[in-house]
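Quick one, fold the following:
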Amino acid sequence: SAGRPMKQDMRAFSKAKWSGDHHLWWTDARPGDKLDLEVPVPKAGTYQLGAVMTMAPDYGVHQLSLDGEKLGNPIDCYNRPDVIATGLVPLGTHRLDKGNHRLVVEITGANSKADQAYMFGLDYLELIPVEP
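Residues are numbered from 1 along each chain as shown. Model (predicted):
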């Protein structure tokens, strides 16, 4: 709904490693703004979802939702002094149909210690099939 999503090269940040040395970087947005992302699901099934995000001094608190369903509580992406990756954050088990799904990132605020830029970084979203 606002801001600028783009690809950011993360090789300058030595305290963590990002897949492909890049992440999706969302800047210039404020609380209440949303970023819609398309998530392709190749086969219907039940999946464990997880995400690796970026944490930094000027990153915000974000609520992730999939197809209108909140994926847990808001995630605080603040970290000082270093820019780091979160590691895999579990987002629950979900039954998904084949096709495209809508992942929404909503800025809900920022940690009181953070520089109030509300930025967001997503390295990747992981879908692991759950055996029946």
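
where in the chain is pLDDT low?
The model of the chain has pLDDT under 70 over residues 132.

Would you map the strands across it?
With DSSP state E as the criterion, the chain has strands at 4-9, 22-27, 34-41, 45-55, 61-66, 69-70, 75-76, 84-85, 89-96, 99-109, 120-129.

closest one to Lys15 among those strands?
strand 84-85 (5.1 Å; CB to CB). The C-beta positions use only the backbone N, C-alpha and C, and glycine is treated the same way.

who does that closest one pair up with?
strand 45-55 (antiparallel) (DSSP bridges).

Contact partners for Val89?
50-53, 75 (CB atoms under 8 Å, 6 or more residues apart in numbering).

Cys77 too?
Counted by CB under 8 Å, 6+ apart, Cys77 has contacts 53-56, 59-62, 86, 119-121.

In space, what's closest to it - neighbours in sequence excluded?
Nearest non-adjacent residue to Cys77, counting by CB to CB, 6 or more residues apart in numbering: Tyr59, 3.8 Å away.

for the contacts of Val89, which one is nearest Arg30?
Among the contacts of Val89, and counting by CB to CB, the member closest to Arg30 is Ile75, at 17.3 Å.

Let me know whether that closest one touches Tyr59 as I believe.
No - with contact defined as CB atoms under 8 Å, Ile75 does not count as touching Tyr59 (9.8 Å).

which of the two has more neighbours?
More crowded of Ile75 and Tyr59, by other CB atoms under 10 Å: Tyr59, with 27 against 21.

Please report how far that one lies from Ala110.
Distance, Tyr59 to Ala110, by CB to CB, to the nearest Å: 8 Å.

Would you mind listing the residues touching both of the two?
78, 117-118.

which of the residues you listed tops the neighbour count?
For the shared contacts of Tyr59 and Ala110, the largest number of neighbours (other CB under 10 Å) sits with Tyr118, at 24 neighbours.

give the contact list for it.
Tyr118 is in contact with 29-31, 33, 58-60, 107, 109-110, counting by CB under 8 Å, 6+ apart.

Contacts only, for the closest residue to Glu69 other than its chain neighbours.
Leaving aside its sequence neighbours, Glu69 sits nearest to His94 (CB to CB, 6+ apart; 7.7 Å). Shown in contact with His94 (CB under 8 Å, 6+ apart): 46-47, 49, 66, 69.

Appreciated, that's everything.
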